[in-house]
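Colleague: coordinates for the following, if possible.
(chains A and B)
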Amino acid sequence: VVAQAGRRDEIRRNLLAAVDGLIAGGESYANVSVERLAGAAGISRATFYIYFEGKGDLLRAGLDETLGEVRAGAAALLASATQAELAAGLGRLLIDYRARATVMAAILDEATHDGTLRATVDGAIAAAIEALARHIERGQRDGSVDPELLPRETAAWLIWLLERGLNQIIPGADDVRIDALAKTLARMASRTLYAQDCS
Amino acid sequence: MTSGRRSEPLDRRYIERRELTARRLLPAVERLLESEAYPELTVEQLTAEAGISRSSFYNYFEDKGDLLRELTGEAMSTITDATRVWWMLAPKAEKDDLRASLEHLFAIYSPHAALMRAVSDSLAQDARVREEFLDYMLAGAAGIADYIRAGQAAGALSADLDAELAAEWLVWMFERGLSQLSRDRGELEPDRVVAAATDILWKALR
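Modeller: Numbers count the residues shown, from 1 in each chain, chains lettered A, B, ... in the order given. As a prediction, the model looks like this:
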């Protein structure tokens, strides 16, 4: 069973890399056949179907992988003690996400007409808003966050900023630009959440 | 040949009729988008809902993407104009002025929210919609960057912030935040949503 799970992971990674390559080559995910996809990943069509029900299933697996990584990165952000730490954590999150940006674009595109994918994306965003809102509330109780901030509404704006930034700004950005973007965002977020001297 | 002179008023009338037809279709599009995602909408549904014939639809529009482009341009220029109230605030404006400018933006944006979500949904499939949309985003980022620089020059906003990069993040915050948070699902109250955006802008740039 362990060997099989490892094999599935390997096949998923290869398939997602193949998706990345095909899209980078100008193809749209919707038009790529399972046959081509499997071929590009070095497996047969039959093997593909042992591990995945179809192309949608592969994207769901890719989405779960990305969301797991983003969740881990985001948890580190909320634990940052300083603005510099927040900037460093954001920088890592943006760099990691960039590697997945092509596949994520295909996933978000597919999610406009795949209800299951859409529900997963919406659920992840709702959970992120909830987590940041709780972080704000905790900070308000211990005095580190401005008591005037509206937790849920502020969290919603900031999570949408991050979500859109990840999908729109990050894909084409080089390392230098990502570093500058991370520092700018860390500064804006720190001021918003932790500054109490200018309202 | 005089065809140029002769076709000019005809073209103008045609363009005007196309705009008017788009405007007539807009409420129908927005009603349908309440219950159905844009990719699933058909021209049949649109024309039936708006009470116009299929032939007059196709007289002015190649397909529903063509209609969406016409509606997008109109909605996005209205929204950009509304955003200018914020960008043009005096550098030393009070927090209440900022809040009022965002209230105005929110009020102008809300009726277009369903349409703007349809635009988002079609960006991947429709290169022409995407191009037009990204042009407005660039213009939006430039407007916000000007606002930040004016505030920095006046000493109201922090000078050590990179105006361009901050504007890039913020334009996307508003793009998606407006389209999602103006949704009438009773989850978040508009007043509180605007108050939170005001706080973010007020504090993040200082």
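
Colleague: just give the nearest non-adjacent residue to the residue nearest the centre of chain B, would you?
Modeller: Computing the C-alpha centroid of chain B and ranking residues by Cα atoms, centre = their mean puts B:M76 first, at 3.2 Å. Spatial nearest neighbour of B:M76, excluding adjacent residues (Cβ to Cβ, 6 or more residues apart in numbering or on different chains): B:Y136 at 4.6 Å. Any C-beta I mention is one placed from the backbone N, CA and C, and that applies to glycine too.

Colleague: so which helix or strand takes in that neighbour?
Modeller: Here B:Y136, judged by DSSP states H and E, is contained in helix B:127-153.

Colleague: what does chain B put close to chain A?
Modeller: Proximity of chain B to chain A, by Cβ under 8 Å from any Cβ of the partner chain, involves residues B:37-40, B:95, B:121-122, B:124-125, B:137, B:158, B:161-162, B:165-166, B:168-170, B:172-173, B:175-177, B:180-181, B:188, B:192-193, B:195-197, B:199-200, B:202-206.

Colleague: buried only: go through those residues for me.
Modeller: B:38, B:121-122, B:124-125, B:137, B:158, B:161, B:165-166, B:168-170, B:172-173, B:175-177, B:180-181, B:188, B:193, B:195-197, B:199-200, B:202-206 (16 or more other Cβ atoms under 10 Å in any protein chain shown).

Colleague: mind listing what's buried in the lowest-mean-pLDDT helix or strand in chain A?
Modeller: When each helix and strand of chain A is scored by mean pLDDT, DSSP states H and E, helix A:2-24 comes last, with a mean of 90. Across helix A:2-24, burial judged by 16+ other Cβ under 10 Å covers A:I11, A:R12, A:L15, A:L16, A:A18, A:V19, A:D20, A:L22, A:I23.

Colleague: again, but for stretch B:65-85
Modeller: B:65-76, B:79-80, B:82-83, B:85.

Colleague: for the residue lying closest to B:M116 once chain neighbours are set aside, phi and psi?
Modeller: Spatial nearest neighbour of B:M116, excluding adjacent residues (Cβ to Cβ, 6+ apart): B:S179 at 4.7 Å. When read as degrees, to the nearest 10, the backbone of B:S179 gives phi -70, psi -30.

Colleague: ok, now which ones touch B:S179?
Modeller: B:A113, B:M116, B:R117, B:S120 (Cβ atoms under 8 Å, 6 or more residues apart in numbering or on different chains).

Colleague: kindly recompute the last result at 6 Å.
Modeller: B:A113, B:M116, B:R117 (Cβ atoms under 6 Å, 6 or more residues apart in numbering or on different chains).

Colleague: how about A:V145?
Modeller: A:I136, A:G139, A:L193.

Colleague: out of those, which one sits closest to chain B?
Modeller: A:L193 (8.3 Å; Cβ to the nearest Cβ).

Colleague: need the nearest residue in space to that closest one, chain neighbours excluded.
Modeller: With sequence-adjacent residues excluded and distances taken as Cβ to Cβ, 6+ apart, A:L193 is closest to A:V145, at 5.4 Å.

Colleague: what about that neighbour, distance to A:L132?
Modeller: 11 Å (Cβ to Cβ, to the nearest Å).

Colleague: residue 29: how many residues sit nearby?
Modeller: All of this refers to chain A. Per other Cβ atoms under 10 Å in any protein chain shown, the neighbour tally for A:Y29 reads 20.

Colleague: my bad, the chain I had in mind was chain B
Modeller: For B:V29, using other Cβ under 10 Å, the count is 22.

Colleague: pLDDT at A:A173, what is it?
Modeller: For A:A173, the model assigns a pLDDT of 96.

Colleague: show me where chain B has its helices.
Modeller: In chain B, the helices defined using DSSP state H lie at B:3-35, B:43-50, B:54-60, B:64-87, B:95-109, B:113-122, B:127-153, B:163-181, B:190-204.

Colleague: need the ones you listed in a markdown table with mean pLDDT and distance to A:I169, can you?
Modeller: Below are the helices of chain B laid out as a markdown table (pLDDT from 0 to 100; distance: least, Cβ to Cβ, whole Å):
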| stretch | mean pLDDT | distance to A:I169 |
| --- | --- | --- |
| helix B:3-35 | 81 | 27 |
| helix B:43-50 | 95 | 34 |
| helix B:54-60 | 95 | 36 |
| helix B:64-87 | 92 | 19 |
| helix B:95-109 | 97 | 21 |
| helix B:113-122 | 90 | 16 |
| helix B:127-153 | 95 | 10 |
| helix B:163-181 | 96 | 6 |
| helix B:190-204 | 97 | 16 |
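
Colleague: quick check: which of those is nearest to A:L86?
Modeller: Evaluated with Cβ to Cβ, those place helix B:190-204 nearest to A:L86, the distance being 13.2 Å.

Colleague: contacts for that closest one, please.
Modeller: By Cβ under 6 Å, 6+ apart, the list of residues contacting helix B:190-204 reads A:149-150, A:153-154, A:157, A:188, A:191-192, A:195, B:95, B:98-99, B:102-103, B:106, B:181.
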